[in-house]
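In: Only the shape, not the letters, is given here:
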């Protein structure tokens with residue numbers, strides 16, 4: 001029986017299962033979803049299934065043959081993975097040209113050449129154009145998977161040549177079941193991690209192994225909620241502390257630039273790429289806090305993620321202007337995309353802090 005590592009995402013898993021059994025995968029597949037939701041896991045499941053040596057297609061990937069083990073260990077010669085590199089964490093033209101050269105060759109051991117592009121939203125323009133030429137004339141035994149947090153930065157012509165799957169966050173129940181079955185956390189701790197992860201199994205797993213990260217996350221959420229009632233001076237003065245917590249979170253989830261050596265302990269020592277990653281983490285936590293405020297405004301207390309802030313969220317949520325909060329959540333979504341397009345991270349944070357809606361009782 002086939003053994004996929006992906007949890008949840010039933011329709012996407014069914015699509016990948018059909019591609020494996022038919023041995024006719026799409027020449028290009030675009031997976032879109034938030035960080036940590038399982039895009040790379042699903043891409044590797046597809047790679048393992050296409051290269052598995054089991055004679056029964058319905059049993060692929062078996063996870064026992066030499067090909068499956070090589071995919072799991074990251075050393076299969078027919079699997080090629082691209083990741084952002086260097087200052088700015090981009091995927092550049094030279095990386096794509098090297099990949100295109102590999103994909104032009106016949107498979108070494110398996111039935112396919114498989115390529116996975118992680119964080120595909122970081123493909124720069126030249127790299128996308130080089131990849132586009134490959135997608136226009138794909139090889140018969142080539143399967144390319146692009147895993148992107150969002151597709152807005154990708155060329156429309158590139159997107160149009162891909163089969164597309166969107167991976168949404170899992171339910172809390174699915175996250176709890178995943179963590180419990182893997183022996184990562186007991187039921188009560190798994191429930192807490194499921195709330196904090198926002199339905200992203202990869203993030204939940206990372207948080208489970210880094211208890212101090214959970215504390216940083218809680219401190220950052222507390223700070224952001226308190227700042228809703230603060231004046232302009234206090235908000236802007238809070239930026240260094242917010243950035244320090246963002247740096248800690250970025251290092252924990254592996255989103256900081258690893259080419260600069262050991263992760264910094266403060267934003268003051270961080271590289272530009274690390275500061276950008278830090279602000280991204282602040283925005284992600286902020287989005288969760290703003291979401292909880294919106295839910296509290298609607299009286300949906302049972303759905304709040306930040307249960308440690310339950311009373312304060314309920315009080316502030318009852319007093320916040322719903323339209324202003326909804327508009328601000330949209331600004332946060334746009335800000336994450338703007339960071340990918342190289343907006344100034346500190347300036348963006350300043351602007352958002354000044355726009356953070358104040359509860360009417362604090363006015």
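Out: Now that the structure is in, tell me what you want to look at. Treat the numbers as computed from the prediction; the structure is a model and nothing was measured. Numbering: from 1, shown residues only.

In: Hmm, residue 41 and residue 6 touching each other?
Out: Yes - the criterion here is Cβ atoms under 8 Å, and residue 6 meets it with residue 41 at 5.1 Å. C-beta here means a position set from N, CA and C on the backbone, and glycine is covered the same way.

In: Now residue 229: which helix or strand?
Out: If you go by DSSP states H and E, residue 229 is not part of any helix or strand.

In: What segments of the stretch 151-300 of the chain are helices?
Out: Taking DSSP state H, counting those that start in this stretch to define them, one finds helices in the stretch 151-300 of the chain at 156-160, 172-181, 187-197, 201-208, 211-227, 232-237, 239-253, 272-297.

In: distance between the third one and the chain's centre?
Out: Meaning helix 187-197. Centroid separation for helix 187-197 versus its chain: 18 Å, with Cα atoms, centre = their mean, to the nearest Å.

In: Which residues does it contact?
Out: Applying Cβ atoms under 8 Å, 6 or more residues apart in numbering, the contact partners of helix 187-197 are 36, 172-173, 175-176, 179-180, 184-185, 203-204, 207-208, 214, 217, 304-307.

In: Now do the domain split for the protein, please.
Out: The record's domain split for the chain, according to automatic domain parsing, is 10-166, 210-362.

In: Return the member of these having the minimum mean pLDDT.
Out: Note on these: domain 210-362 shows the lowest mean pLDDT, a mean of 83.

In: possible to save the helices of the stretch 151-300 of the chain as CSV with distance to residue 312 and mean neighbour count?
Out: Converted to CSV, the helices of the stretch 151-300 of the chain look like this (distance: least, Cβ to Cβ, whole Å; neighbours: other Cβ atoms under 10 Å):
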stretch, distance to residue 312, mean neighbour count
helix 156-160, 42, 13
helix 172-181, 22, 18
helix 187-197, 16, 19
helix 201-208, 22, 22
helix 211-227, 6, 17
helix 232-237, 17, 12
helix 239-253, 18, 22
helix 272-297, 9, 23
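
In: do you know which of those helices lies nearest residue 70?
Out: Comparing these against residue 70 with Cβ to Cβ, the closest turns out to be helix 201-208 (22.0 Å).

In: Measure how that closest one sits relative to helix 239-253, angle-wise.
Out: Put simply, helix 201-208 runs at 100 degrees to helix 239-253, going by axes from the mean of the first three to the mean of the last three Cα atoms, to 10 degrees.

In: tally of neighbours for residue 60?
Out: For residue 60, the count of nearby residues is 27 (other Cβ atoms under 10 Å).

In: what does the one 3 residues further on give?
Out: If you count neighbours by other Cβ under 10 Å, residue 63 ends up with 17.

In: sec struct for it, please.
Out: Three-state call for residue 63 (DSSP: H, G, I helix; E, B strand; the rest coil): coil.

In: Contacts only, for it.
Out: Contacts for residue 63 (Cβ under 8 Å, 6+ apart) come out as 3, 48, 69, 72.

In: for residue 306, same thing?
Out: Shown in contact with residue 306 (Cβ under 8 Å, 6+ apart): 195, 218, 221, 225, 288, 289, 292, 313.

In: Just checking: what are the partner strands of the helix or strand harbouring residue 145?
Out: Following DSSP H and E, one finds residue 145 within strand 142-148. Looking at strand 142-148 with DSSP bridges, its partner strands are strand 28-32 (parallel), strand 113-117 (parallel).

In: Redo the ones you listed as CSV? Include distance to residue 235 and mean neighbour count.
Out: Output for the strands paired with strand 142-148, formatted as CSV (distance: least, Cβ to Cβ, whole Å; neighbours: other Cβ under 10 Å):
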stretch, distance to residue 235, mean neighbour count
strand 28-32, 33, 24
strand 113-117, 38, 26
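
In: closest one to residue 359 among those strands?
Out: Smallest distance to residue 359 across the strands paired with strand 142-148 (Cβ to Cβ): 34.6 Å, for strand 28-32.

In: How about residues contacting that closest one?
Out: By Cβ under 8 Å, 6+ apart, strand 28-32 touches 12, 39, 42-43, 46, 120, 135, 138, 143-151, 154, 159, 161-167.

In: How about stretch 275-283?
Out: So stretch 275-283 is in contact with 89, 220, 224, 242-243, 245-247, 249-250, 253, 255-257, 267, 270, 332, 335-336, 339, 345-346, 348-349, 352, going by Cβ under 8 Å, 6+ apart.

In: same question, stretch 225-240
Out: Residues outside stretch 225-240 that contact it (Cβ under 8 Å, 6+ apart): 223, 267-268, 289, 293, 306, 309, 312-313, 316, 320, 346, 349-350, 353-354, 356-359, 362.

In: Could you pick out the buried ones from the residues you listed?
Out: Neighbour-count burial (16 or more other Cβ atoms under 10 Å) applied to these gives 223, 267, 289, 293, 306, 309, 312-313, 316, 320, 349, 353, 356-359.
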